[in-house]
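[1] Show me how the following folds:
(2 chains)
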Amino acid sequence: MAQEIVEVPITGKIISVEAKAGDSVQEGDVICFIESMKMENPILAPVAGTITEVQVSVGEVVETGKLIAIIEY
Amino acid sequence: MFGLFETGFGSLTWGSIIMIIIGCVLLYLGIAKKMEPLLLVPIGFGVILVNLPLGGLMETIVAGKVVESYAIDGEPVGIISRIFRYGLAWEIIPVFIFLGLGAMTDFGPLIANPKTLILGAGAQFGVYFAFFIALLIGSSFPDVVNIGIKEACSIGIIGGADGPTTIYLTNKLAPHFIGATAVAAYTYMALVPIIQPPIIKLLTSKKERAIYMKPQLREVSRKEKLLFPMIAAVIIILLVPKSAPLVGMFMLGNLLFTSGVTDRLADTAANAFMNILTILLGICVGCFMSAGAFLRVESLIVFGLGVVAFSASTAFGLCLAKLMNLFSKEKINPMIGAAGVSAVPMSARVVQRMGQQANPRNFLLMHAMGPNIAGLIGTATAAGIFLGMVG
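    Numbers count the residues shown, from 1 in each chain, chains lettered A, B, ... in the order given. Got it, this is the predicted structure:
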């Protein structure tokens, strides 16, 4: 099984988490929303698979590169 | 006796009804569709207010008589005409909006990837394209519309999609056009999510829109972010002195943001102050869209040319990005060229959304912010050039 690492692309604040460990996702499904530069930015699943880990929580301020989730496919 | 003609009903015209419907459309787009609500809601409601007759919002006194619409050489007595005269005509609001914009701008993406400066400059070609088209129309149809070189400058700058710069330049060069150009600039800024995507899809292939760009740009140090506004201000203003009010305020706002010791001032400039100015500006722009002022051949031509300017800027930015790809090993997603149209951050947002639609891995926002901000500087500089030429 291959793994896809989803990282924070832009410094900001996590305003919602739409997925949890164990969820099946399709390519393009929203994993979480990051607020940055006065915009709400969705972070999308780059591949279809199963989320094995979610490392962010609502309200957390995150830097670029921080792990958001791991998807197994 | 209080009859029909003492109320507004007696003075309603078909023109004012059309404009009220337009105001409702703008409100619908802002509230229901959530398209740039901070602009469209005050503008839309301003349009409705000013077209409800006998309200007196834009009254001015000209040669001792009260006229219902704003007159450049009159004394403003209506509440909105006063805000317009002392806020916009006196150039206070546009200049301080640039202070607020500077205080909320992160120059990091631009510093990390300086070639995006070229994309910001490329999108300014639309300004000059529209300038020449406007001059051509003015010289071809002199009986229909009065567009000389100063009016053409004011119309061309709409292509920069920068409301404060448009108002600033028009006020100096062609104040009689300020209503039409301000309305065009702000309405098109708010309609960026509608205007840009079809042009982007027309000029790029699906494969090009899916070009992946690594989200992590190089780390930009605090020192670089601190020095940038100071050095940029000195260089740009020495090159184009007339850009001093706009570029100077923009860079001051950014210095407040990056200095680390003026956080309170930066916070106020970027939030409370900007919100106040946006409310005042939105209402003024909306209140300029009275039937009498707007439903005229000249205003409609300005509005039409505004779309030309805007679209040309988008197209030139895209084409320049595609050209750069011919010579670069590391390809850029050409959509970020469209973000050179300096509607900050609307066009960067459009690029971000379309980028994710084309390729869910892509996160183009920070890459698009580089040209977006470069475009802002480019438009302010273009205004300075126009002022230097004909001002």
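
[2] Show me what from the stretch 251-391 of chain B comes close to chain A.
    Neighbours of chain A within the stretch 251-391 of chain B, by CB under 8 Å from any CB of the partner chain: B:345, B:349, B:352, B:356, B:360-361, B:363, B:365-366, B:369. Heads up, the C-betas are built off the backbone N, CA and C, glycines and all.

[3] I'd like to know which elements the helix or strand hosting B:Asn171 is packed against.
    Assigned by DSSP states H and E, B:Asn171 falls within helix B:163-173. Based on contacts counted as 3 or more CB pairs under 8 Å, 6 or more residues apart in numbering or on different chains; DSSP states H and E, the elements that helix B:163-173 packs against are helix B:92-103, helix B:149-156, helix B:178-190, helix B:244-258, helix B:365-390.

[4] doesn't A:Leu67 make contact with A:Gln3?
    No: taking contacts as CB atoms under 8 Å, A:Gln3 lies outside contact range of A:Leu67: 11.5 Å.

[5] So whatever residue of chain A ends up closest to chain B: helix, strand or coil?
    For chain A, the residue closest to chain B is A:Pro9, as judged by CB to the nearest CB, at 3.6 Å. Of the three states, A:Pro9 takes coil according to DSSP: H, G, I helix; E, B strand; the rest coil.

[6] residues contacting it?
    When contacts are counted by CB atoms under 8 Å, 6 or more residues apart in numbering or on different chains, A:Pro9 touches A:43, A:64, B:215-216, B:363, B:365-366.

[7] how about a cut-off of 6 Å?
    B:215, B:363 (CB atoms under 6 Å, 6 or more residues apart in numbering or on different chains).

[8] Model confidence for it, exactly?
    At A:Pro9, the pLDDT value in this model is 85.

[9] Do you have the strands of the chain handy? List them.
    Reading this off chain A. According to DSSP state E, chain A carries its strands in the segments A:3-7, A:12-17, A:24-25, A:30-36, A:39-44, A:49-54, A:61-62, A:67-72.

[10] nope, chain B
    Using DSSP E, strands in chain B cover B:60-62, B:65-67, B:75-76.

[11] Take the ones you listed and lay them out in JSON lines including distance to chain A.
    Output for the strands of chain B, formatted as JSON lines (distance: least, CB to the nearest CB, whole Å):
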{"stretch": "strand B:60-62", "distance to chain A": "36"}
{"stretch": "strand B:65-67", "distance to chain A": "40"}
{"stretch": "strand B:75-76", "distance to chain A": "33"}
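
[12] For those strands, give me CSV that also has distance to B:Ile236.
    As requested, the strands of chain B are exported to CSV (distance: least, CB to CB, whole Å):
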stretch, distance to B:Ile236
strand B:60-62, 37
strand B:65-67, 41
strand B:75-76, 34
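
[13] Throw those into TSV and include mean neighbour count and mean pLDDT, thanks.
    As requested, those are arranged in TSV below (neighbours: other CB atoms under 10 Å in any protein chain shown; pLDDT from 0 to 100):
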stretch	mean neighbour count	mean pLDDT
strand B:60-62	16	86
strand B:65-67	13	83
strand B:75-76	16	88
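
[14] Might you enumerate the residues of chain A proximal to chain B?
    By CB under 6 Å from any CB of the partner chain, the residues of chain A that approach chain B are A:9-10, A:27-28, A:44, A:46, A:64.

[15] one more time with 8 Å
    A:7, A:9-10, A:27-28, A:36-39, A:41-46, A:64-65.

[16] count of neighbours near the residue nearest to A:Ile70 when sequence neighbours are not counted?
    Closest residue to A:Ile70 apart from its sequence neighbours, by CB to CB, 6 or more residues apart in numbering or on different chains: A:Glu53 at 4.5 Å. Neighbourhood size, A:Glu53 [other CB atoms under 10 Å in any protein chain shown]: 16.

[17] Could you report the distance from A:Glu53 to B:Ile20?
    Per CB to CB, to the nearest Å, A:Glu53 is found 55 Å from B:Ile20.

[18] Alright, that wraps it up for me.
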